[in-house]
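J.: Any chance you can model this:
(2 chains)
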Amino acid sequence: MTKARDALDEHVDGVRSRSEEAFSAVYALTANSLASYANGMLRDRLAAEDTVQQAFLELARAAPNLRGDGRSLRAWLYRSVRYSCLDEIRRRERRPEFVTDQVPDAGYRDEIDLPDPALQAALLALSERQRSLLVLRHVVGLSGAQVAKAMGTNRTAVYAATARAERRLRQLLEGVESEHVATSVSVEREVLDER
Amino acid sequence: MSVDIRDRLADLHIEITPETATRHRVAIEAELKSPSPTPVRHLGRRRRPTLILAIVAVVVLTAAGALAAETAVHGDPLFPVKQVTEWARTWVDPTVPADHRIEELESLIDRRANQDAITDQLRRAEDAVADVVDNDAVLVDRLNRARDRIVDVEVEDTPVSDQPARDDPPESDGSDRPSDSTLPPPERPSEGDEGGEDGGGDALDEGERDLGFPAAIPPLCRRAAASIEHGETIPRWVLRECRDYLPHPGDGTSDSP
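T.: Numbering: from 1, shown residues only, chains lettered A, B, ... in the order given. Here you go, the predicted model:
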């Protein structure tokens, strides 16, 4: 049985020799997916983009020692982003967000506006591993084997853990949405009462 | 519902803006142009098992070295290791050095080590016991028992053929120890004490005369006498053990047994 070819296979040698063209091609093929993964992990688009840049800078430094094929290169990049996200999460836990009364400018608000806030809130309530699995599988769209390689586990474990994570996310989402509905109804009642 | 979640998750996919992508590419190209790649964090992560193995190996080797050094005696290659662990343990139990010195002394006695080495070790043990603040009775007792064993071993180890008759001139043992000729021979017991019914000891032949009387001077006492001649101090227990062979201080004569 032969392995299916990865789109990165043909760029691995170029990456190993630190070719700018190879890096550019790999960036074009992976940057958006890596950013989506980081965004799903951090719920912060700017930080997500920074982790992507950080991953490619680290790849540029580690390229001569890179081993394996395109799959290995892809897994390397996802692992790099994952470690950066974990560092960022730990950093945030150590140093909570600075609270200010100042309202950011409109441009900045547009930058950080996130789609489906209920889903993102539920995602953040999952463990880091469950969040990683769901984002890699359903946001980035990696196969079970690719997720397994990026997470350093096997495919069976990925499928089982993903199913558990989906169940948990569904429960959390129902809780978040019912809370959201209850809040909306109470606000509407208050408005009607005032009238 | 499951499909709904997956669709909603798929909507979280984002795309990097062209401006950001350009910024990233510039940074990456700059990094690629730098001449020598510096070690990165990922390599450190990959080497972590090696680092852990190295730490475990160091800990195991140190523990093994400390364990092996437990039985080391003065002069062994591992003795400095023992001294280090001993220094650390002294903080918990101040009697450890004295305990170790006595153990080493016992070990040397068991091995039938060189008498000089045993004597030196005995002095170290005495010093260590003296350093214990409360002068631990158990340690003192162990030290006294070790002294007794030294004397026993000396007597056991002295070959009968090497024991010179009292009337014979003492022989050199071939070492560079001081000659035994400096030691006055113990006086014979008086004939009356011998109970010579037949007119005295003259009636006995040489072999019979030696029976019931110390025929040889133990090597320990020979060395003690030499030490006294050289003006060196000797332990009190040696004086006690050799009181029959050593001159009294002051009159230069030896005691009769």
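J.: so how many other residues sit close to residue A:127?
T.: 10 (other CB atoms under 10 Å in any protein chain shown). (C-beta placed from N, C-alpha, C; glycine too.)
J.: the strands in chain A, which residues?
T.: Taking DSSP state E, chain A contains no strands at all.
J.: Grab the most central residue of it for me.
T.: What sits nearest the mean C-alpha location of chain A, by CA atoms, centre = their mean, is residue A:37, with 2.1 Å.
J.: Next, find the distance separating that one from residue A:48.
T.: 8 Å (CB to CB, to the nearest Å).
J.: And residue A:148, by the same measure?
T.: Residue A:148 is 23 Å from residue A:48, where distance means CB to CB.
J.: go on, residue B:119?
T.: Residue B:119 is 79 Å from residue A:48, by CB to CB.
J.: Comparing those two, which shows the higher neighbour count?
T.: Regarding residue B:119 and residue A:48, a neighbour count based on other CB under 10 Å identifies residue A:48 as having more, with 24 against 18.
J.: Would you mind confirming that the more buried one makes contact with residue A:35?
T.: Yes: between residue A:48 and residue A:35 there is a contact under CB atoms under 8 Å: 5.1 Å.
J.: intersection of neighbour lists for these two?
T.: residue B:14 (CB atoms under 8 Å, 6 or more residues apart in numbering or on different chains).
J.: Any idea how many residues pack against the residue lying closest to residue B:28 once chain neighbours are set aside?
T.: Spatial nearest neighbour of residue B:28, chain neighbours left out: residue A:56 (4.9 Å); criterion: CB to CB, 6 or more residues apart in numbering or on different chains. Residue A:56 has 23 neighbours, counted by other CB under 10 Å.
J.: give me every residue that touches residue A:56.
T.: A:23, A:26-27, A:31, A:77, B:24, B:27-28, B:31.
J.: Counting neighbours, which of those residues end up buried?
T.: For those, a neighbour count by 16 or more other CB atoms under 10 Å in any protein chain shown gives the buried set as A:23, A:26-27, A:31, A:77, B:24, B:28, B:31.
J.: now these as CSV including pLDDT and distance to residue B:6?
T.: Output for the buried ones among the contacts of residue A:56, formatted as CSV (pLDDT from 0 to 100; distance: CB to CB, whole Å):
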residue, pLDDT, distance to residue B:6
A:23, 92, 32
A:26, 93, 27
A:27, 94, 27
A:31, 93, 23
A:77, 93, 23
B:24, 92, 29
B:28, 91, 33
B:31, 89, 37
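J.: I'd like these laid out as TSV, including distance to residue B:223.
T.: Formatted as TSV, these follow (distance: CB to CB, whole Å):
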residue	distance to residue B:223
A:23	84
A:26	85
A:27	88
A:31	89
A:77	81
B:24	87
B:28	84
B:31	79
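J.: Of the residues you listed, which is the nearest to residue A:129?
T.: residue A:77 (18.6 Å; CB to CB).
J.: where along the stretch 51-200 of chain B do the helices fall?
T.: When assigned using DSSP state H, counting those that start in this stretch, the helices of the stretch 51-200 of chain B occupy the ranges B:79-90, B:96-110, B:115-131, B:137-157, B:191-194.
J.: Tell me which helix or strand in chain A has the weakest average pLDDT.
T.: Of all helical and strand segments in chain A, the minimum by mean pLDDT, DSSP states H and E falls on helix A:106-112, at a mean of 45.
J.: contacting residues around residue B:149?
T.: B:106, B:109.
J.: can you list the residues that contact stretch B:71-91?
T.: For stretch B:71-91, the external contacting residues (CB under 8 Å, 6+ apart) are B:65-66, B:68-70, B:96-97, B:100, B:104, B:107-108, B:117, B:120-121, B:124.
J.: again, only using 7 Å
T.: Applying CB atoms under 7 Å, 6 or more residues apart in numbering or on different chains, the external contacts of stretch B:71-91 come out as B:65-66, B:68-70, B:96-97, B:100, B:104, B:107-108, B:121, B:124.
J.: Which residues in that stretch does the neighbour count mark as buried?
T.: Neighbour count says stretch B:71-91 has B:72-73, B:78, B:81-82, B:85-86 buried, by 16+ other CB under 10 Å.
J.: Before I go, just wanted to say thanks for your time.
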